[in-house]
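K.L.:
got a sequence here, can you model it:
(chains A, B and C)
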Amino acid sequence: MTTSRRITYREAVRQALREALASDERVFLMGEDVGAYGGAYACSLGLVDEFGTERVRNTPLAESGFTGAGIGAALGGMRPIVEIMTVNFALLALDQIVNTAATLRHMSGGQVSVPLVIRMATGAGRQLAAQHSHSLENWFAHVPGIRVVSPSTIPDARGMLKSALADPDPVIIMEHAMLYNEEGELEDAEDHAVDLDRAAVRRPGEQATIVTYSAGVKKALEAAGRLADEGISAEVIDLRSLRPLDDETVMASVRRTHRAVIVDEGWRTGSLAAEVATRIHEQAFYDLDAPVERVCTAEVPIPYPRHLEQAALPQPEGIVAAVKRTLRR
Amino acid sequence: MTAPADRRVHLTHAHAVDLLSRMTRIRRFEEACAEHYSAGRIRGFLHLYIGEEANAVGVCQALTEEDAIVATYREHGHALARGLPMGEVMAEMFGKAAGCSRGRGGSMHIFSVRHRFYGGNAIVAGGLPLAAGLALADRMQGRRRVTACFFGEGAAAEGEFHETMNLSALWKLPVLFVCENNLYAMGTALEISESNTDIAAHAAVFGMPAETVDGMDVVAVEAAARRAADAIRGGEGPRFLELRTYRFRAHSMFDPDLYREKAEVEAWKTHGPIVRFTEWATATGLIHAGDVETIEAEVAEEVAAAVAFADAAPFEPVEDLLKDVTTPREVAR
Amino acid sequence: MTPFTMPSLGADMDAGTLVEWTRRPGDPVRRGDVVAVVETQKGAIEIEVFHDGTLGRTLVAPGEKVPVGTVLAEILGPGEPMPAEASQSPAPAAAAEPGHAPEPPPAEAPPATRVEPAAAPPAPAAPTPAPSAAGRVVATPAARRRAGEAGIDLAAVPPGPGGVIGLAEVEAVAGRPPSAPAGGETPREARRGGPDLSGMRKAIAAALARSHREIPPYWGSRTIDVTDLYAWLERRNAERPVAERILFAAPLIRAVARALKESPGLNGHLAEDGFRPAEAVHLGIGTALRGGGLVAPALHDADRLDVAGVMAALSDLVPRARAGRLRSSEMTDATATLSSLGEDTSDSLMPLIYPPQVAIVGCGGPVRRPWVVDGEIVVRRVMTVTVGGDHRVSDGRLADRFLARLETVIKEPDAP
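P.N.:
Model prediction:
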């Protein structure tokens, strides 16, 4: 019999960390203030008391250094989980992620794998302004050799970490900062690993396909609800995996609905939305009954005041309007 | 666990011949690389180590098979000193599937996990965090091993150098940092790139014991490396060696060497590691008449065989292009 | 003699200018000696020899720019005589000498040696008609494809909102409901008076003309004894009220669908990127309409229904087809088609395949014929079944297998 509990996304991440640390001695968590402070987003709160400072390891403020050390430790037989406070800080570790983690297997001719998990917070919505709010998932999803996933639900927040740790290659988990306080049901299943390869249909529909990920899922679902009130049936697909992309699920939907709207909190230029739109054109062009629409973040560094921040981000109103444009309504 | 390597250098006839032989192998191998580069059989960048052979050979004397090496893009010497078969290294230079990295890496990315040789890292200072991580894994798993991390003095200007030095000293990681100071980062002289040209002094900031050594003296390098490796194995945390050396060739093949005087290069060549050790060991009677000729003949044969092996080896089929980007699932578990 | 060539010092070096010879012809040289200076894009570089010997003739003079790989000089081995002439007049007797002719660098093939592609791949057949020449037609890709399939000239389609011809506009002209009705698959009332037969006739013409033009067919036939099936039907129907009676078509459809399920090469669609076998069997049921039209709507998952289930589906499908109220999925989902003329008709028929399907099954009328059973001639009711397959996808052997399987399955109407 399975039981379920109501918990937050943050608690689901913490539970996943606890389960990983408890079940595999090779696992350790490393990052800035993951110890006594409990992590910048409190994901590891209390874990240092349970597992000690060796395995819940505070690092100096040196993203490249400790991310690279995570790569080395993975080569040395450990299963490190590196936490980087936000994606903006991850730019300081881009050298290690792109030039080392992603390349070692290939340039060694397949001699090594790098079983490293990097977690980082991403996204806007908390008025953290232009150096703590960006969505740069596409930067990482651009790079062969690493996997990029983005949990949008409570079960994924827990299950993706387990699956990522089981993956032999580097996996980056992008956790949207606005999701940490989301509440939902979590089943106490024994094996809670999830399939990292597949997108998920979060709401079935017939007339248009909304493709999104991360915090975009919630907004897309809200938009789909409003559209339903007007008699328009929209399907919502949560990509989940940003590299590799699950083309099959997206194309099957678009071939049926003939219309696609992509919702992406990244900037439009060179975005994941651009990638998904291009793939739709490559693979389902003759099924399209309208140009593919994109709802992205305005091309501006995220502003501090709330009204401007919200105006910059994709919102349900914009998604509703985009779906209607595809229906020529 | 194997017993830690002995601290002192035992200068017997056999050891002297071994040191000379190892340095000569690197020298002649690289000369052959230059030849095959000029003929177009080796492509990409080719950074030769000629002049710096005493560093790799001396340090590797202090390492056991269980220890690890992280090197840079100028790593042919380290790979050979570590014991990678010359044929595999040459095949890698030729881009052949028989190369130690299946030809995927080339001159700058020599890897051999069975020799615990972790590259071949061609981002300056990019290998330092990697070495710290390997050492961290050893520490966390209770293994008394050393990770030797080679880099040039140019790396000392990079943030990753300082980040890793701090992390390693803070966590007492078993890393042997080996800075091969050949005075030029590509064409930028040390005095125009560092506020403090005493590289070993950088280690002091992190409370890390450091030593400056004449990198043209293979015996001095070996002795210093043994002292440092012993301390690391004794749990004393990381050690830092600055080896003062010089490269006789340009930075890479396509470098007209505009940034230094010919006379400076010639002056360094007169006390190059091979000529200097040969003269000294001959004068002291450590090596005998005929030893040099024997070594040269053996090395020439080995180099010729390595070239023939590389030449005859097949290229990887283009159908395999996308192989080894990620780990196949059946291998993973 | 060993040639001394312009070295390749980097992938971005194509040529170099000889600045000076640092050795003269006749000078002894040793491996590693600098013998010349070459000017490159990056500056002057001293170049070395890789062989011991004597510098022979120099073939390139200072100031000359030559491609990588060009022979600059000769290195003579021990005992090799110095050519009598100096570099300005190469000896004609030295036939094997490359002289001034530049040799291509070994690693980089010059353009001349590049292999031209043998033949461009054939352009894919245009999947849609070109826009009307009279004026620019703004139509979506899906609308264009649909119009192409239905043989509809887009110029004759009244545009929808924004002047755009979408799927809905094409479907309206084709006499079918739009593909994505509000609220899902609920059929929308078609225009009064049933389907637009003239439009339909055009669509049939287009589809079958395309079939005849593009599909190389093969056919296979087998005459099957259906006497026992008729007896089974009579027994079954005798127990049931009229409304629940089963027609012969129901077990036939079920049997054809099940035999197709086991013949993947006959069930699916041929797309631009090749044959896509279908998992499910959605059997198109050739249905004649009053007034001369013909449609073949899909009976979904026909292989998974029992006889009663097929009958129920058929009872729903055929009246709607005749009323022009088919669902869009029924118009497009068929993975193969069954054409059965019914009783008192031709003995057999050889129908054309509906693209993009790859097979069609045609059944003649079940008729009483003298038949050999256990070595004796008796009167039995038999039916000739013909299967047409697309030779681009499968071969006649598959037809044999299909027909053999059909003969077995059709005799087991109660099988689970």
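
K.L.:
wait, what's in contact with C:L72?
P.N.:
Neighbouring residues of C:L72 by C-beta atoms under 8 Å, 6 or more residues apart in numbering or on different chains: C:4-6, C:18, C:36, C:58-60, C:66. For every residue, glycine as well, the C-beta is placed using N, CA and C.

K.L.:
could I get those as a markdown table with neighbour count, distance to A:A290 and secondary structure?
P.N.:
Formatted as a markdown table, these follow (neighbours: other C-beta atoms under 10 Å in any protein chain shown; distance: C-beta to C-beta, whole Å; DSSP: H, G, I helix; E, B strand; the rest coil):
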| residue | neighbour count | distance to A:A290 | secondary structure |
| --- | --- | --- | --- |
| C:F4 | 25 | 67 | strand |
| C:T5 | 24 | 62 | strand |
| C:M6 | 28 | 60 | coil |
| C:L18 | 23 | 65 | strand |
| C:A36 | 25 | 67 | strand |
| C:T58 | 22 | 72 | strand |
| C:L59 | 22 | 68 | coil |
| C:V60 | 24 | 66 | coil |
| C:V66 | 19 | 60 | strand |
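
K.L.:
closest to chain B among these?
P.N.:
C:T5 (7.8 Å; C-beta to the nearest C-beta).

K.L.:
tell me what that closest one is bridged to.
P.N.:
C:V71 (DSSP bridges).

K.L.:
tell me who's in contact with it.
P.N.:
Taking C-beta under 8 Å, 6+ apart, one finds B:39, C:68-72, C:103 in contact with C:T5.

K.L.:
how about 7 Å then?
P.N.:
Contact analysis of C:T5 by C-beta atoms under 7 Å, 6 or more residues apart in numbering or on different chains lists C:69-72, C:103.

K.L.:
show the buried residues in those.
P.N.:
By neighbour count, with 16 or more other C-beta atoms under 10 Å in any protein chain shown, the contacts of C:T5 hold C:69-72 as buried.

K.L.:
quick check, nearest of the residues you listed to C:V379?
P.N.:
C:G69 (89.8 Å; C-beta to C-beta).

K.L.:
tell me the SS of the closest one?
P.N.:
Here C:G69 is coil, with the state taken from DSSP: H, G, I helix; E, B strand; the rest coil.

K.L.:
measure it to chain B for me?
P.N.:
8 Å (C-beta to the nearest C-beta, to the nearest Å).

K.L.:
I figured that residue hits C:P3, correct?
P.N.:
No: taking contacts as C-beta atoms under 7 Å, C:G69 lies outside contact range of C:P3: 9.6 Å.

K.L.:
secondary structure element for residue 20?
P.N.:
All of this refers to chain A. According to DSSP states H and E, A:A20 maps onto helix A:9-23.

K.L.:
you answered for a different chain; I wanted chain B.
P.N.:
Using DSSP H and E, B:L20 maps to helix B:13-38.

K.L.:
and that helix, does that touch chain C?
P.N.:
Yes: Helix B:13-38 comes into contact with chain C (C-beta under 7 Å from any C-beta of the partner chain), by way of B:31, B:35, B:38.

K.L.:
top of those by neighbour count?
P.N.:
Neighbour counts for the residues of helix B:13-38 next to chain C (other C-beta atoms under 10 Å in any protein chain shown) peak at B:S38, which has 21 neighbours.

K.L.:
returning to that earlier point: can you list the contacts of C:L72 in CSV and add pLDDT?
P.N.:
Listed next are these as CSV, based on pLDDT from 0 to 100:
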residue, pLDDT
C:F4, 92
C:T5, 92
C:M6, 91
C:L18, 92
C:A36, 91
C:T58, 90
C:L59, 92
C:V60, 92
C:V66, 92
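
K.L.:
so which of these comes closest to B:V265?
P.N.:
Of all those, B:V265 sits closest to C:A36, with 18.5 Å by C-beta to C-beta.

K.L.:
across the sheet, point out what pairs with that closest one.
P.N.:
In this entry, C:A36 is beta-bridged to C:W21, C:I47, by DSSP bridges.

K.L.:
now it: how far from C:D27?
P.N.:
From C:A36 across to C:D27, the span is 12 Å (C-beta to C-beta, to the nearest Å).

K.L.:
now do A:S152
P.N.:
Note on A:S152: its distance to C:D27, by C-beta to C-beta, is 76 Å.

K.L.:
how about the residues of chain B near chain A?
P.N.:
Applying C-beta under 7 Å from any C-beta, one finds that chain B approaches chain A through B:101-102, B:104-105, B:109, B:111, B:113, B:118-119, B:123, B:126, B:129-134, B:136-138, B:140-141, B:159-160, B:163-164, B:166-167, B:170, B:323-327, B:332.
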